[in-house]
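1. Based on what follows, work out the 3D shape:
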Amino acid sequence: MNILVFDIETIPDINSGKTIFNLQGLNDKDVSDVMFNQRYQKSNGKTEFLQHYLHKIVAISVVLKTNDKLSVWSLGQKDSTESELLVRFFEGIERYTPTLVSWNGSGFDLPVIHYRSLIHGVSAERYWENGDGDQSFRWNNYLSRFHSRHTDLMDVLSGYTVSAKAPLNEIASILGFPGKMDMSGDQVWDYYLANDIETIRNYCETDALNTYLVYLRYQLIRGKLNDNLYLDECEKVKEMLLNESKMHLKKFLKVWQKDK
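-> As a prediction, the model looks like this:
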């Protein structure tokens, strides 16, 4: 079985903000300030976090597990367009038909991906298949909340109960995994404005790694892995990281081993 763990990082969609709020002529920072303020007002002071359709994707990172390979990387290049990132994401689904794994993917990542695909006109026939063209997808597809082609760990572990949902960082830390190390999601816009897309991509990769490690633990409690197989799979992650030259991945491994 092929497994594709994914995570996205986003910034305010400045172009949409200019269109909706008639903000032509303002710089990106000023437009985002208006967008955050409008959101705060509409939510009666509860949040500045923008609605899904006002997010723009700047990074998609994945962990891919196949029968003979385990790897982690960010799709595209630092200067890849959002459309190119989406195309690469869906190409992976077309090629591997993997089980998708996420943390809050149903609640955030996938809806954002849907809206951005709509805006860019990115076609993804395999992903949107619901059984009309492939009968095997009728009762197990990527779109249905309770189908296993996409496992949203936060949804499943919380029993689909909003009050029981937990942040990835805290669950990963409790389980002895590194969690977030150098930054958090609410800093992405600041890093983007500083033209530091590489740090954003690195951060996204560590989130994908944390998600994969939690997924392995989830497979343990499901009985899909016994204790020995679970430890073996964790060792494969460590072996992969040992062979990586990227400093943030080396640091991830160091923090993980230190916590043991």
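
2. could you list every residue that touches residue 177?
-> Contact analysis of residue 177 by Cβ atoms under 8 Å, 6 or more residues apart in numbering lists 210, 213, 214, 256, 259. In this view, the C-beta of every residue, glycine as well, is placed from N, C-alpha and C.

3. Count the neighbours of the second one for me.
-> Neighbourhood size, residue 213 [other Cβ atoms under 10 Å]: 21.

4. what do you get for the fourth one?
-> Using other Cβ under 10 Å, residue 256 is surrounded by 21 other residues.

5. Please identify the helix or strand for it.
-> Residue 256 is located in helix 247-259, with elements delineated by DSSP states H and E.

6. now that helix, how far from the chain's geometric center?
-> Relative to the mean C-alpha coordinate of its chain, helix 247-259 is positioned 20 Å out (Cα atoms, centre = their mean, to the nearest Å).

7. what's in contact with it?
-> For helix 247-259, the external contacting residues (Cβ under 8 Å, 6+ apart) are 72, 176-178, 181-182, 202-203, 205-206, 209, 238, 241-242, 244.

8. Of these, just the buried ones, ChimeraX syntax please.
-> Buried members of these, defined by 16 or more other Cβ atoms under 10 Å, are picked up in ChimeraX with:
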select :72,177,178,181,202,203,205,206,209,241,244
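
9. The helix ranked longest in the chain: what's the following helix or strand?
-> In the chain, ranked by residue count with DSSP state H as the criterion, the top helix is helix 197-221. Per DSSP H and E, the first helix or strand lying C-terminal to helix 197-221 is helix 227-242.

10. measure residue 131 to residue 138 for me?
-> Going from residue 131 to residue 138 by Cβ to Cβ, to the nearest Å gives 3 Å.

11. Would you mind listing where the stretch 1-150 of the chain has pLDDT under the threshold?
-> Counting by pLDDT under 70, the stretch 1-150 of the chain shows no low-confidence range.
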